[in-house]
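[1] quick one, fold the following:
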Amino acid sequence: MLKLAILGFLHDQPLHGYELRRHLAALTGHVRPISDGTLYPAIKRLESDGLLVRETEPGSAAAPRHTLHLTPAGRDALLHHLREPEQLDISDENRWFTVLAFLRHLDHPAEQAAVLRRRLAFLHEPASFFYEDGRPLRAEDVADPFRSGILRIARATTEAELAWLTDTLATLEG
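    Numbers count the residues shown, from 1 in each chain. All right, here's what the predicted structure looks like:
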């Protein structure tokens, strides 16, 4: 998720490390805060892998600033990940939102639609946060008002996402 988000934001524009961290925090920070101890080693790995480069620019103060730029290999890696996300990227809501945040970078509506169809198929699978005898429980099956609340909120969110997916697929597939 972090690699995808870094590559996605740098596809949009070159960024300084601090700016990149702010963008990452806005996208995922409320769920998974990104510490410097996580971000900067990830940047170094991506740089070592040839997916981004660091350019030094004069800073507004005395210290120079390092701007991160996506390389052609980084762009290719981003597009590959968007075209063929892992199953966990489809099923985990937070990872899915990261994929969705950059899916516009795929140039072909058919490629975008293929990814959305995978999410649609996942959402149609029977699932729940709670099970009884291997059967997924619905909000109406649970006496606990808090667990029922979780299930009602999840159902409403899923219904909204299904409506959005259906509309967006209709647009993409013409």
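[2] remind me, longest helix of this structure?
    As assigned by DSSP state H, the longest helix anywhere in the chain is helix 145-172.
[3] in what helix or strand does the residue lying closest to residue 23 once chain neighbours are set aside lie?
    Among residues not flanking residue 23 along the chain, residue 9 sits closest, at 4.8 Å (C-beta to C-beta, 6 or more residues apart in numbering). Glycine gets a C-beta too; all of them are placed from N, C-alpha and C. Assigned by DSSP states H and E, residue 9 falls within helix 2-12.
[4] who touches that helix?
    15, 20, 23-24, 27-28, 34, 38-39, 42-43, 46, 51-52, 68-70, 74-75, 77-78, 81-82, 89, 98-99, 101-102, 105 (C-beta atoms under 8 Å, 6 or more residues apart in numbering).
[5] next step: these restricted to strands.
    15, 52, 68, 69, 70 (DSSP state E).
[6] list buried residues within those.
    Buried members of those, scored by 16 or more other C-beta atoms under 10 Å, are 15, 52, 68, 70.
[7] can you count the residues close to residue 145?
    9 (other C-beta atoms under 10 Å).
[8] and for residue 123?
    15.
[9] list the contacts for the residue sitting nearest the centre point of the chain?
    The centre of the chain sits closest to residue 98, judged by C-alpha atoms, centre = their mean, with a distance of 1.0 Å. Neighbour list for residue 98: 1, 4, 5, 8, 27, 28, 89 [criterion: C-beta under 8 Å, 6+ apart].
[10] how near is it to residue 65?
    Per C-beta to C-beta, to the nearest Å, residue 98 is found 26 Å from residue 65.
[11] thought residue 102 was touching residue 82?
    Yes. Residue 102 lies in contact with residue 82 (C-beta atoms under 8 Å); the separation is 6.2 Å.
[12] mind checking which of the two has more residues around it?
    residue 82 (23 against 20).
[13] what sits against the more buried one?
    With C-beta under 8 Å, 6+ apart, residue 82 has these contacts: 4, 99, 102, 103, 105, 106, 111, 115.
[14] neighbour-wise, which of these leads?
    Neighbour counts for these (other C-beta under 10 Å) peak at residue 99, which has 23 neighbours.
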